[in-house]
Structure formats: C-alpha cells, structure tokens
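Colleague: This is the structure alone, sequence omitted:
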C-alpha cells in the first residue's frame, strides 16, 4: 500500500522509516491533506496537533520546536479548509462538517500507519474536532489535550446573531427564510465584518475568510459537552488561558464540570496568556504538554493547577511543579 506525499507515491514502509517529511497524504478518493510530520526519537511519545480556526501548520512552529527539542514526535496537518489543503482545493463554497474532519483525521492516522492509542491536542476549533474524534474512537485516545477548546458558539457572537434574527422577524414577518438560514446569513456578516480586524491572518490569501466562515458553519451546532461520557478514564487535560479574549473561563469550567470525574486528568489555568496559548506562551505550553505525554502521575488525578509561564511554575495548592519558563 502507498500514500501520496508531495506528488509522489511512497510505500507505508518507507514512510514509517522517514526522518521527517512535508507533503500531501491521500485520505480518501480525490481528497488529500497537507501533513508536516517528524517521528519521535527512541522511547519518546508522539502528539497529533489539530489546528485552531484560523491556523495552518505554520502557527504551531514555536510550540512544536520546543517539543522536538525533547525528542517528541509531532504530526501536524491542514484539514479541509485550512492552510495548504485549503489552497489545493480553494475556493470552499459549502459548509465543512466537523464530523467530516473527524473521519479525515482517522483516515490520515490509518494511512500513515501510526498506531494508537494517540495523544491528540487541539486548539480552539481543533479542540472541538479532537473531542469529536475521542467520542467516535475512545479506545484510540490515550490523552485528549484540549487547549481553549470550542465547546459552543462564542457567546457574544451568538447573542448578536440571535438578536438580528429576532429583529428580522419583527420587521419582516413574512420573510420565508428559516431561523437556521438567517443564522448563517448573519454569521457570514459578522465574520466578514469583524474577523479581518480581530484575526488579520484571515486575509493572507483570497480564500481564507470564506473558508473560515465555512468551518464555523460546520461546527456551530456541535456540542462537545454532550460527548463527555465517551472520554476515556484519566485522559482529559484542559488548558484554559486566563486572559482569553474569546472564551470566558466560566464556559470552559462548565464543560469541565460536565466531564465525568473518572475521565478528568488535569485542568490548568495559564496566567498571562491569551486564547492562542501555543503562540502567546509556546515554551511553557509545550513544557506542560510534555509533562502530560511523559505520564507525570500528578497530572492524572483530576486536579486543578495554576500556571505562571514567566516563572516556569505550576502550582496546585501548596505543591509546585517546575516546568519550562517562557
């Protein structure tokens, strides 16, 4: 069996022996995903990274470099609608269901002959995809690392859209659009009006802004909070940025509270970090993830931790863990 890598078909045996590669891997007929893979050094774990909403593989660079320095293997990839994969298939003109992203990730892991159970780490949108993967394949997940994850639509954005729908019904009572269609109509407006200022990277190519809308459209009804019963024992590690400009801490605490106690491994609050923690404090975040991947038993008891990136400290009560300083 072979897979398509950078325009060439490569045997799985050769792929497994590769030191590192970047290229496209075919995951389904007429569907390829861009992959950046570095195998683990001897006896070190591998982590699979799932992109945030406006991410590509590039935005992980500083975080990944810190893990690679410890010998950790890293698989990062661009799903449909993101990065190099977006450019290959642009323009995207239909919703991108999060369920399809889950299936594509499973197919990618199979085609690359990477054996589970896996360490899956997802940021924001990627946290939602990682939650979906875990719900679909719980026996294949060793650690579910959710970094400021999507658990429901952004409160402010959702409230504004629902207010517009209400106003539309009052002003145009005979409007035949469904509430669902109106929601997508106003979602499109708010993304085009606000994301270029809040997330300038959406303007890096002519296709990304529309693709971002299609990604949000495909995940907005998804409810990871309803999937928590499928999370394997002692596998969920939740990372929360104290200065998250998009997701309120209470939203993620609500998600944590819905997770069965036996599934909780660790909850870390990162002081001095905004939403994109792998860019804001990449060395500290990587050091914490390495603690998880290395099997630190203190991170398997469902405990709460406070992280201080610029001191390289993590505290739980009177106990302190020294990790990498930012």
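Modeller: Received it, and whenever you're ready, just let me know what you need. Quick caveat, the model's predicted, so the values are computed rather than measured. Residues are numbered from 1 along each chain as shown.
Colleague: Next, the distance between the ends of stretch 169-186.
Modeller: Stretch 169-186 has an end-to-end distance of 13 Å (criterion: Cα to Cα, to the nearest Å).
Colleague: contacts for it?
Modeller: Residues outside stretch 169-186 that contact it (Cβ atoms under 8 Å, 6 or more residues apart in numbering): 160-162, 164-165, 168, 217, 220. Bear in mind the C-beta positions are built from the backbone N, C-alpha and C, glycine included.
Colleague: Then stretch 295-313?
Modeller: Here stretch 295-313 makes contact (Cβ under 8 Å, 6+ apart) with 234, 237, 261, 264-273, 281, 283-285, 287-288, 291-292, 314-316, 319-326.
Colleague: Could you grab the helix/strand/coil label for the nearest residue to residue 220 once chain neighbours are set aside?
Modeller: What sits nearest to residue 220 in space, not counting adjacent residues and going by Cβ to Cβ, 6 or more residues apart in numbering, is residue 153, at 5.2 Å. Recorded secondary structure, residue 153: coil (DSSP: H, G, I helix; E, B strand; the rest coil).
Colleague: Please apply the same query to residue 168.
Modeller: At residue 168 the chain is in helix, as set by three-state DSSP.
Colleague: again, but for residue 58
Modeller: helix.
Colleague: May I have the residues that are in contact with it?
Modeller: Residues near residue 58 by Cβ under 8 Å, 6+ apart: residue 83.
Colleague: Can you give me the separation between it and residue 213?
Modeller: 21 Å (Cβ to Cβ, to the nearest Å).
Colleague: about what we covered before: measure the residue nearest to residue 220 to residue 196 for me?
Modeller: Remark: distance between residue 153 and residue 196 (Cβ to Cβ) = 20 Å.
Colleague: so who does residue 152 touch?
Modeller: Residue 152 touches 158, 223, 225, 251, counting by Cβ under 8 Å, 6+ apart.
Colleague: just to revisit the earlier point, who's more crowded, residue 153 and residue 196?
Modeller: Neighbours were counted for residue 153 and for residue 196 using other Cβ atoms under 10 Å; residue 153 has more, 18 against 13.
Colleague: just to revisit the earlier point, filter the contacts of stretch 169-186 down to the ones in helices?
Modeller: Secondary structure assignment by DSSP state H places 160-162, 164-165, 168, 217 of the contacts of stretch 169-186 in helices.
Colleague: What are the boundaries of the helices in the stretch 101-250 of the chain?
Modeller: For the stretch 101-250 of the chain, applying DSSP state H, counting those that start in this stretch gives helices covering 125-136, 155-171, 179-198, 208-219, 249-258.
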